[in-house]
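Undergrad: got a sequence here, can you build the structure:
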Amino acid sequence: MGEIKVIRALHPGFVTMMKQLDADLQREHRMSHAEFVALMFLSEASDRTLGLSELARQCQQSLSAISRTVGRMEAEGLVRREQSSRDARACNAVLTEAGLSRLEQAVPTHVVSLRRHLFDHLDGVDLKAIGDAFERIAAAASGDPHGVPGQPSPDTPVGRYIST
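TA: Take a look at the predicted model:
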């Protein structure tokens with residue numbers, strides 16, 4: 001009976017939470033949640049640069065979806081595209097100073113929104129167990145035995161904010 005309850009609540013709960021996160025970021029920073037996540041991963045990358053294929057993988061988006069996301073951010077000067085030095089057919093997304101600044105402004109909103117729409121509803125729930133379970137799910141889906149990365153580096157906007 002417990003599994004059915006989880007299955008029935010998971011989808012509407014997740015979709016509602018994501019819509020609320022997106023609405024909060026749109027209202028406060030004119031930024032979608034997809035754009036926030038892309039900027040976050042770029043900020044954590046070496047030289048703040050990722051190939052579009054790798055950015056798509058990390059953001060859990062298709063290559064065409066991440067290309068559209070990058071296009072919107074490029075039009076605002078938050079990222080720039082450059083040809084890969086390793087593969088002439090590939091393109092990299094590079095986080096600009098304006099993109100880093102916009103991300104740094106948005107991180108507090110994102111954290112407050114996550115607390116309000118997710119963590120405030122998990123009082124008494126074992127967060128470590130939930131985190132471990134989702135890491136196993138991500139690892140199984142990706143074929144990566146290491147799952148997803150843990151804490152962001154304290155040298156990144158998200159890492160600086162959550163470590164204070």
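Undergrad: going forward, measure contacts between C-alpha atoms and count neighbours the same way
TA: OK.
Undergrad: so which bits of the strand or helix carrying residue 139 are buried?
TA: Residue 139 belongs to helix 127-142 when assigned by DSSP states H and E. Buried residues in helix 127-142, counted by 16 or more other C-alpha atoms under 10 Å: 135-136, 138.
Undergrad: do the same with stretch 77-86
TA: In stretch 77-86, residues buried by neighbour count (16+ other C-alpha under 10 Å) are 78-81, 84.
Undergrad: next secondary structure after the host helix or strand of residue 71?
TA: Per DSSP H and E: residue 71 is located in helix 63-75. Next along the chain after helix 63-75, taking DSSP H and E as the criterion, comes strand 79-83.
Undergrad: contacts for the very next helix or strand once past that next one, please.
TA: For strand 79-83, the following helix or strand on the C-terminal side (DSSP H and E) is strand 91-95. Strand 91-95 has contacts (C-alpha atoms under 8 Å, 6 or more residues apart in numbering) with 39, 42-43, 47-52, 70, 78-84.
Undergrad: swap in stretch 20-31?
TA: Taking C-alpha under 8 Å, 6+ apart as the rule, stretch 20-31 contacts 32-33, 102, 105-106, 109-110, 113-114, 117.
Undergrad: closest to residue 5 out of the residues you listed?
TA: residue 117 (19.6 Å; C-alpha to C-alpha).
Undergrad: with adjacent residues omitted, what lies nearest to the closest one?
TA: Spatial nearest neighbour of residue 117, excluding adjacent residues (C-alpha to C-alpha, 6 or more residues apart in numbering): residue 17 at 5.9 Å.
Undergrad: which of the contacts of stretch 20-31 are buried, as a ChimeraX select command?
TA: Those of the contacts of stretch 20-31 that count as buried under 16+ other C-alpha under 10 Å are selected in ChimeraX with:
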select :32,33,102,106,109,110,113,114,117
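Undergrad: out of the contacts of stretch 20-31, which sit inside helices?
TA: The helices, defined by DSSP state H, take in 33, 102, 105-106, 109-110, 113-114, 117 from these.
Undergrad: biggest separation within those residues, which pair?
TA: Checking those with C-alpha to C-alpha, the most distant pair is 102 and 117, at 22.1 Å.
Undergrad: now residue 30. Its backbone dihedrals?
TA: With angles defined as degrees, to the nearest 10, residue 30 sits at phi 50, psi 50.
Undergrad: enumerate every residue touching the nearest residue to residue 62 once chain neighbours are set aside.
TA: Among residues not flanking residue 62 along the chain, residue 56 sits closest, at 5.8 Å (C-alpha to C-alpha, 6+ apart). Applying C-alpha under 8 Å, 6+ apart to residue 56 gives the contacts 62-63, 65-66.
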